[in-house]
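Student: Can you look at this prediction? I've put the sequence above it.
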Amino acid sequence: MKKIGLIVKETSKNRIKDALKGSDSVMVVKYSGLSSPDLAVLRNNLKISKAGLMVVKNSVARLSLEGSNVEPLVKSIEGPCAIIFVKDEPVAASKVLFNFARDHGQLKFEGGFLKDKALDKKDIEILAKLPPKEVLRAHVAMALNAPIQKLVLVINHTLSKLVNCLDQIKKKKGG
């Protein structure tokens, strides 16, 4: 029969590997000095933005990340660290992290990956300052729609001039 410690390590390792498979981005933060209620608030805020925060032993985290596409994060795991797995929108999770770190100086960003691109603290700040996905889509739709609207206006104006010109000719001929 296996010891409880080994079972916990294997379970944690499998949870991390499963979370890695289903995540678009992964981030590592240091939370030394944060109280449990503060960490719970961060966890809940991340959950709203479809991200999860996992605290595990560093040795288990290192073993889980080795051989994955985020292996360079292994060197960031020292001291009290948490791994954040983002499933859908990294901008929302970055905003949560950035705002929480601004309010709680104990939270320090160590590193991360967005798909296969490595992230540093400045990248997280840039992501946090981006507008939400819906706003970006609206901007793209407006940008695509603007030339079409201008074309319609030009054609409408040209047709209006033609109708006015034909009307003037009609009046001159006495019709």
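Tutor: Yep, it's here.

Student: I'd like the average pLDDT over the helix of greatest length in the chain.
Tutor: Scanning the chain for the longest helix, with DSSP state H as the assignment, gives helix 133-172. Averaged across helix 133-172, the pLDDT comes to 87.

Student: buried residues in that helix?
Tutor: Within helix 133-172, no residue counts as buried by 16 or more other CB atoms under 10 Å. For glycine as for every other residue, the C-beta is placed from the backbone atoms N, C-alpha and C.

Student: counting contacts, what elements does that helix pack onto?
Tutor: When contacts are defined as 3 or more CB pairs under 8 Å, 6 or more residues apart in numbering; DSSP states H and E, helix 133-172 packs onto no helix or strand at all.

Student: ok, now which ones touch I124?
Tutor: 27, 94, 97-98, 109, 112 (CB atoms under 8 Å, 6 or more residues apart in numbering).

Student: Tell me the one of these nearest A143?
Tutor: The nearest member of these to A143, counting by CB to CB, is S94 at 23.9 Å.

Student: Is it correct that the closest one is in contact with K122?
Tutor: No. With contact defined as CB atoms under 8 Å, S94 does not count as touching K122 (11.5 Å).

Student: Between the two, point out the one with more neighbours.
Tutor: S94 (28 against 9; other CB atoms under 10 Å).

Student: Tell me which helix or strand that one sits in.
Tutor: Using DSSP states H and E, S94 falls within helix 90-103.

Student: buried residues in that helix?
Tutor: The neighbour-count check on helix 90-103 (16+ other CB under 10 Å) flags 90-98, 100-101 as buried.

Student: a markdown table for the residues you listed, including pLDDT?
Tutor: Putting the buried residues of helix 90-103 into a markdown table (pLDDT from 0 to 100) gives the following:
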| residue | pLDDT |
| --- | --- |
| P90 | 85 |
| V91 | 85 |
| A92 | 86 |
| A93 | 88 |
| S94 | 88 |
| K95 | 89 |
| V96 | 90 |
| L97 | 89 |
| F98 | 89 |
| F100 | 91 |
| A101 | 89 |
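
Student: Sounds good, over and out.
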